[in-house]
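Trainee: give me a 3D structure for the following:
(chains A, B, C and D)
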There are 2 protein chains.
Amino acid sequence: MTTRRAARQSASGAVTIKDIAERLDISPSTVGRALADDRRISASMKQRVLKAAAEMGYVANHAARMMRGASSNLVGLMVPDIRNSFYATIAHALSKCLEPEGFRLTLSETDDNGLTELQHIRALTSAKTAGIIIVPSAQPHPDSINLLNETPHIQLLRWRATLSQQWFGIDDGQALYQAATHLLELGHRRIAYIGSSAQLPTGRSRVEGFQAALAGVDGAQGIEALGAPESKSFARNAIYRLLALRSPPTAVVTGSVQHTLGILDALASDRIRVPEELSVVGFGDEPAFRWWGSGLTTVTLPVSELATACGLWFVHQVIRQRSTNPVSYSSLCQPTLVVRGSTSPLERSGDVLR
Amino acid sequence: MTTRRAARQSASGAVTIKDIAERLDISPSTVGRALADDRRISASMKQRVLKAAAEMGYVANHAARMMRGASSNLVGLMVPDIRNSFYATIAHALSKCLEPEGFRLTLSETDDNGLTELQHIRALTSAKTAGIIIVPSAQPHPDSINLLNETPHIQLLRWRATLSQQWFGIDDGQALYQAATHLLELGHRRIAYIGSSAQLPTGRSRVEGFQAALAGVDGAQGIEALGAPESKSFARNAIYRLLALRSPPTAVVTGSVQHTLGILDALASDRIRVPEELSVVGFGDEPAFRWWGSGLTTVTLPVSELATACGLWFVHQVIRQRSTNPVSYSSLCQPTLVVRGSTSPLERSGDVLR
DNA sequence: CTGAAAGCGCTAACAA
DNA sequence: TTGTTAGCGCTTTCAG
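Mentor: Numbering: from 1, shown residues only, chains lettered A, B, ... in the order given. Here you go, the predicted model:
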């Protein structure tokens, strides 16, 4: 039993379809077709081949298949920085839902830099990647766009109109609308927003959501500080600047995880009393937010669910829609506000506007 | 100029060595050899070939090379869970130092499960991965060990003697020795250790470090609670159990990031006063530790540096040591204790043992 | 120093 | 329903 197999294997390392063909005394193409579940092979023959393949420990040679034009089983995940727990969560969820389908994940960090992004895309496409799941950078290179449009891809979180219509994202506007509304309901009127610049589509929706909330309330005054999305130091500086104003804001909302972390750092090291001196609403749901001070009120995003949905859709698209024109599909998931100890009603009379 | 090239490319999509050969009117094998920098090709010919290749936009077909036995440019990174910031940091650092060398990173999450681990290793080896950088699971499958030993690989953090001697890790014993010593110097004598079970090599060294520190001090009493390494809930339960003891510990040290997070959760939600009621030393250096309460005293590990060193070594090993027997090399990096607000001298007389 | 030819393992025309 | 044949792009003998 084992001897025969051992003999086969020792021949050149691995079992090939030719080996199976010899053993079954049929032609290699029949074996190949049976393995590919070709419709013109009889069921009984398929059985025999599959059985033999299993017994002999056959593993397809992916390199050979790729040379014949097949794409690899690699899915490229392109994110700005994997250390951002946001993206780590995405990587985890995607990996978990692509594996059962036989796909593997390769990691590309773009640093939010168009050139780095382009290089990775080049590498991925030349390696015949099955597809790309990408959080596009702020300024994608034209070449990146061309290359992506020749490859199955899905956009995650951020959305560029020049790429495919396949997008899985979060209702960013809603997130900030909720955050700001919460503060307004607590009586705050001078509210700051520290978030990412409006160049990024997500950045823009967030500012707009913030503004929309304030627009609905008389006497509400928004103070915006916009900067690089992944920069903690920007947020730190911004909060210092805001608090040094002649009439500083009584509350602040943030528009990215990194900004939130930066602000928490600054507030903690400066011993600013939250929420007495300043109410704070964070962005995202880092575990640590629960125990920052007396708990950080924050907008949580169903990132894991989003990524899973995206992964499932990817499989669906790549597996089934191979030839047909990709359907457009995009999904927008909703954030939730979690109220904890970092926000409180505005009570100091001097700050109430009327 | 461009027309000729366009004609070539339109033939079948990409430029091949055959195309270059035709254009230069030489044989394909000469081109192949020139590209491979074969010593028996004249310098002038190499020049011509390289120039033509560049002009025509030749890109090597990796699939074809792989079929001829070459390994891919993929490096498999196997970690328990990428959401653990520890491993995310490692992924980032590795990715950054492997990219310039032309390697790409694929992500495999083992869940600390021997079977999952095996499946990933199978996939990686059958895909002719250039090498594997692995944080071995608690119970590697025998097959995993066999497969790994046929592939260039490096162990990270955890170390298994049955695998290669290539290891990059942290002096775990030292980490807990320092943590415990710090508490002893503050006068604590009843000190608890919550950490991972001694099955994992890292787990064992940590317990031993803890014990070694206590052994040096008269009257010091250690209370150990060991459990699954990545389980926050284990740590939470453990701390409750310890605090419910008739004579509870006055200080606690932890032996994993997840355990630390679990304990911080528990302490925060139970409003246990730190360091007045309990001194706490954490493990790892999550950014959030800085602002947990009045700052968490913790043992920080140079994870990023460790990963970079590992990546550089990997390149060195794979690129240069291809044929020769891999040299054994292992590196142990040192942790540092960062003292913040969560530890204080023991003052309550009733708790001093003599 | 260079060329011709033979495959690697698989798939896809073409036959039967 | 199955077999035959001819490559994919590259490396690697073996001959010049």
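Trainee: now the helices: where do they sit in the stretch 101-250 of chain A?
Mentor: For the stretch 101-250 of chain A, the helices defined by DSSP state H, counting those that start in this stretch cover A:114-126, A:142-149, A:172-185, A:201-215, A:232-243.
Trainee: and the last one, is it in reach of chain B?
Mentor: Think helix A:232-243. No. In terms of CB under 8 Å from any CB of the partner chain, no part of helix A:232-243 sits within range of chain B; the closest distance is 8.6 Å. Every C-beta, even on glycine, is put in place using the N, C-alpha and C of the backbone.
Trainee: what residues of that helix count as buried?
Mentor: If you call a residue buried by 16 or more other CB atoms under 10 Å in any protein chain shown, then helix A:232-243 has these buried ones: A:232, A:234, A:235, A:236, A:237, A:238, A:239, A:242, A:243.
Trainee: need the helices of the stretch 101-250 of chain A in CSV (columns: mean pLDDT and distance to DNA strand D).
Mentor: Converted to CSV, these look like this (pLDDT from 0 to 100; distance: least, CB to the nearest atom of the strand, whole Å):
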stretch, mean pLDDT, distance to DNA strand D
helix A:114-126, 92, 11
helix A:142-149, 92, 19
helix A:172-185, 96, 44
helix A:201-215, 94, 39
helix A:232-243, 95, 45
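Trainee: including distance to residue B:201, could those helices go into JSON lines?
Mentor: Formatted as JSON lines, the helices of the stretch 101-250 of chain A follow (distance: least, CB to CB, whole Å):
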{"stretch": "helix A:114-126", "distance to residue B:201": "35"}
{"stretch": "helix A:142-149", "distance to residue B:201": "44"}
{"stretch": "helix A:172-185", "distance to residue B:201": "44"}
{"stretch": "helix A:201-215", "distance to residue B:201": "43"}
{"stretch": "helix A:232-243", "distance to residue B:201": "35"}
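Trainee: comparing the ones you listed, which comes out most buried?
Mentor: Mean neighbours per residue, mean count of other CB atoms under 10 Å in any protein chain shown, is largest over the helices of the stretch 101-250 of chain A for helix A:172-185, with a mean of 23.
Trainee: you'd agree residue A:128 is up against residue A:71?
Mentor: Yes. Using CB atoms under 8 Å, residue A:128 is in contact with residue A:71, at 4.7 Å.
Trainee: ok, so of the buried residues of helix A:232-243, who is nearest DNA strand C?
Mentor: Closest approach to DNA strand C among these (CB to the nearest atom of the strand): residue A:232, at 48.8 Å.
Trainee: what separates the closest residue to that closest one other than its chain neighbours from residue A:236, distance-wise?
Mentor: Residue nearest to residue A:232 in three dimensions, not counting chain neighbours: residue A:262, with 3.5 Å by CB to CB, 6 or more residues apart in numbering or on different chains. Between residue A:262 and residue A:236 the computed distance is 5 Å (CB to CB, to the nearest Å).
Trainee: ditto for residue A:247
Mentor: In this view, residue A:247 and residue A:236 are 21 Å apart by CB to CB.
Trainee: repeat that for residue A:92.
Mentor: 29 Å.
Trainee: quick one: residue A:340 from residue A:288, how far?
Mentor: From residue A:340 to residue A:288 the distance is 12 Å (CB to CB).
Trainee: who's more crowded, the two?
Mentor: Neighbours per residue (other CB atoms under 10 Å in any protein chain shown) separate residue A:340 from residue A:288, with residue A:288 holding more: 21 against 18.
Trainee: which ones are touching the closest residue to that one other than its chain neighbours?
Mentor: Spatially, and ignoring its direct neighbours in sequence, residue A:288 is nearest to residue B:288 (3.2 Å; CB to CB, 6+ apart). By CB atoms under 8 Å, 6 or more residues apart in numbering or on different chains, residue B:288 lies in contact with A:286, A:287, A:288, A:292.
Trainee: can you pull the contacts of the second one?
Mentor: In this case it means residue A:287. Going by CB under 8 Å, 6+ apart, residue A:287 touches B:261, B:265, B:288.
Trainee: anything in stretch A:302-316 near chain B?
Mentor: No. Stretch A:302-316 lies apart from chain B when judged by CB under 8 Å from any CB; the minimum separation is 9.2 Å.
Trainee: in that stretch, what counts as buried?
Mentor: For stretch A:302-316, the neighbour count (16+ other CB under 10 Å) marks A:303, A:306, A:307, A:308, A:309, A:310, A:311, A:313, A:314, A:315 as buried.
Trainee: swap in stretch A:244-255?
Mentor: Buried, per 16+ other CB under 10 Å, within stretch A:244-255: A:248, A:249, A:250, A:251, A:252, A:253, A:254, A:255.
Trainee: how about the strands in chain A?
Mentor: A:74-79, A:104-109, A:131-134, A:153-156, A:167-170, A:190-196, A:221-227, A:251-254, A:279-283, A:297-300, A:330-333, A:336-338 (DSSP state E).
Trainee: how about the residues of chain A near chain B?
Mentor: For chain A, the residues in contact with chain B (CB under 8 Å from any CB) are A:59, A:61-64, A:66-67, A:74, A:77, A:81-83, A:85, A:88-89, A:91-92, A:95-96, A:104-109, A:123, A:126-128, A:261, A:264-265, A:268-269, A:286-288, A:290-292.
Trainee: now, of those, which are buried?
Mentor: Buried among the residues of chain A next to chain B (16+ other CB under 10 Å): A:61-63, A:66-67, A:74, A:77, A:81-83, A:85, A:88-89, A:91-92, A:95-96, A:104-109, A:123, A:127-128, A:261, A:264-265, A:268, A:286, A:288, A:290-292.
Trainee: which of those residues are close to DNA strand C?
Mentor: With CB under 7 Å from any atom of the strand as the criterion, these include A:61, A:67 near DNA strand C.
Trainee: would you mind giving both backbone torsions of residue A:110?
Mentor: phi -100, psi -20 (degrees, to the nearest 10).
Trainee: just checking, it touches residue A:119?
Mentor: No. Residue A:110 lies out of contact with residue A:119 (CB under 8 Å); the separation is 9.2 Å.
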